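1. Got a sequence here, can you build the structure:
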Amino acid sequence: MSTTASRVQFGVHAGLQNTSLDELRALWRHVEDLGFEWISVWDHFYAADASGSAVCLEAVATHAALAAETSRVRCGSLVYSIGYRHPAVLANTMATLDQLARGRVTLGLGAGWHQTEYEAYGIPFPPASVRLRQLDEGLQCVRGLLTQEVTTFEGEFFTLRDARCEPKPVQERLPIWVGGGGEKVTLRIAARHADGWNLPFIAPETYAHKVKVLHEHCEREGRDPASLTKSVNVGLAFSDDDLREQFSTMAEWVRPGVLTGNAQEMVDRIGQYTEAGATWVILALRAPFHPDHLARFASEVLPAFA
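-> Residues are numbered from 1 along each chain as shown. A predicted model of the protein is given here:
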């Protein structure tokens, strides 16, 4: 095994649709007991698919429950939409959550994509170019509020005047990750402002290309690419039935980024992601959850990267 592969860390991203807080609490405890180092939530009001279902837990409340229920894992988000909360609200929320988690929160932030839920709630859904400019500004506002005593910002979308966010997070620098793979703008925003970057459900060779583009943006920004944490969300399905049970009509869309087959095939696939630059591999799961599948992965796959 290569040195690159040996440095990979593993987490679980548990979807909030078609589940309950009791089920999630049990899953989180199981994940932590198995030795994973990360658990994250998503930010949706409706199911993150084409079903139109509104059976989905709210992100901030669930993130707080995650912070309170666990004691060791990083408590992440993949990712909050900049269109749903003013960055000052989000910054204050994350600062308090980090107090609750005793310094274990990572904030993932993105431009948003689920038009159905925007329209259902009357939230403006401007073109991607506008949403990305909002993301760029929002990141700057959140970073300033979390790290500076006083923040002033005058932008196209957001304005802060001698704004404060107290108390600060436990962490001196609460990590902010950007989600998305747009090569012209999103990856440039990540290179310019973020501590980490996440992309879901793509094949290793596609991930390698995105990392190359990200590194090129880092170089243009005068930044060491090694200073940016790179993560990938992948599905886990020991059978095709399992894949379809979790992802339904999205099964074929996510398939390029799903770990399948036997343990060695999964080890080899993870190795391809780490060779491409990933330092975090995060299992993106949806209900119905199968704790036994996670236990099998922990016993058969994780030891190869110990």
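2. Would you give the sheet partners of the longest strand anywhere in the chain, along with the direction of each?
-> For the chain, the strand reaching the highest residue count under DSSP state E is reported as strand 229-236. Sheet pairing of strand 229-236 (DSSP bridges) gives strand 196-200 (parallel), strand 258-259 (parallel), strand 280-285 (parallel).
3. For residue 38, find the nearest of these.
-> strand 280-285 (6.2 Å; CB to CB). C-beta here means a position set from N, CA and C on the backbone, and glycine is covered the same way.
4. Extract the C-alpha set from the closest one and format it as CSV.
-> Provided in CSV are the C-alpha atoms of strand 280-285 (Å, rounded to 0.1, in the frame of the first residue of the first chain):
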residue,chain,number,x,y,z
TRP,A,280,-11.0,11.7,3.5
VAL,A,281,-13.3,8.9,2.2
ILE,A,282,-16.8,9.5,3.5
LEU,A,283,-19.5,6.8,3.1
ALA,A,284,-22.7,8.5,2.0
LEU,A,285,-25.6,6.5,3.2
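5. what about that strand, distance to the chain center?
-> 9 Å (CA atoms, centre = their mean, to the nearest Å).
6. helix or strand right after that strand?
-> helix 291-300 (DSSP states H and E).
7. Model confidence at residue 35, what's the number?
-> pLDDT, residue 35: 97.
8. how deep is it tucked in, by neighbour count?
-> Neighbourhood size, residue 35 [other CB atoms under 10 Å]: 12.
9. Please name the residues that touch residue 140.
-> With contacts defined as CB atoms under 8 Å, 6 or more residues apart in numbering, the neighbours of residue 140 are 153, 155, 193.
10. Buried ones only from these, please, as a PyMOL command.
-> Of the contacts of residue 140, the buried ones can be selected in PyMOL as follows, counting by 16 or more other CB atoms under 10 Å:
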select buried, resi 153+193
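11. and which of the contacts of residue 140 is nearest to residue 217?
-> Of those, the one sitting nearest to residue 217 (CB to CB) turns out to be residue 193, at 11.1 Å.
12. quick one: contacts for the closest one?
-> 136, 139-140, 143, 176, 178.
13. again, 10 Å this time
-> Neighbouring residues of residue 193 by CB atoms under 10 Å, 6 or more residues apart in numbering: 109, 135-136, 138-140, 142-143, 176, 178, 221.
14. And for residue 239, the neighbour number?
-> So residue 239, with other CB under 10 Å, has 11 neighbours.
15. going forward can the numbers begin at 42, since that is how I track them
-> In the new numbering, first residue 42, that becomes residue 280.
16. Is it in contact with residue 286, as I believe?
-> Yes: with contact defined as CB atoms under 10 Å, residue 280 counts as touching residue 286 (9.1 Å).
17. If we ignore the residues flanking it in sequence, what's nearest residue 300?
-> Of all residues not flanking residue 300 in the chain, residue 307 sits nearest, at 4.6 Å (CB to CB, 6 or more residues apart in numbering).
18. which element is that neighbour on?
-> Residue-wise, residue 307 maps onto helix 304-317 under DSSP H and E.
19. Same question for residue 129.
-> Going by DSSP H and E, residue 129 is part of helix 128-142.
20. Show the subsequent helix or strand relative to that helix.
-> Defined by DSSP H and E, the subsequent element after helix 128-142 is strand 148-151.
21. partner strands of that following strand, parallel or antiparallel?
-> Partners of strand 148-151 in its sheet, by DSSP bridges: strand 121-122 (parallel), strand 217-220 (parallel).
22. need the contact list for residue 153.
-> Residue 153 sits in contact with 84-85, 120-125, 159, 164, 166-167, 169, 172-173, 175-176, 220-221, where contact means CB under 10 Å, 6+ apart.
23. Mind checking which of those residues are in strands?
-> Going by DSSP E, the strands hold 121-122, 220 from the contacts of residue 153.
24. Tell me the one of these nearest residue 89?
-> residue 122 (11.3 Å).
25. so what's that closest one closest to, chain neighbours aside?
-> residue 153 (3.5 Å).
26. for residue 245, same thing?
-> Residue 245 sits nearest to residue 313 (CB to CB, 6+ apart), 3.6 Å away.
27. didn't residue 224 look like it was pressed against residue 252?
-> No: contact between residue 224 and residue 252 fails when scored by CB under 10 Å: they sit 11.1 Å apart.
28. burial of residue 125, as a residue count?
-> Residues near residue 125, counting by other CB under 10 Å: 18.
29. Against residue 131, how distant is it?
-> 9 Å (CB to CB, to the nearest Å).
30. between those two, what contacts are shared?
-> Contacts common to residue 125 and residue 131, judged by CB under 10 Å, 6+ apart, are residue 101.
31. send the alpha carbons of the longest strand of the chain over as PDB?
-> C-alpha atoms of strand 270-277 as PDB (Å, rounded to 0.1, in the frame of the first residue of the first chain):
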ATOM      1  CA  THR A 270      -8.200  19.000   2.800                       C
ATOM      2  CA  LYS A 271      -9.700  16.900  -0.100                       C
ATOM      3  CA  SER A 272     -12.600  14.500   0.600                       C
ATOM      4  CA  VAL A 273     -14.900  12.400  -1.500                       C
ATOM      5  CA  ASN A 274     -18.400  11.000  -0.700                       C
ATOM      6  CA  VAL A 275     -18.900   7.500  -1.900                       C
ATOM      7  CA  GLY A 276     -21.800   5.100  -1.600                       C
ATOM      8  CA  LEU A 277     -21.500   1.700   0.100                       C
END
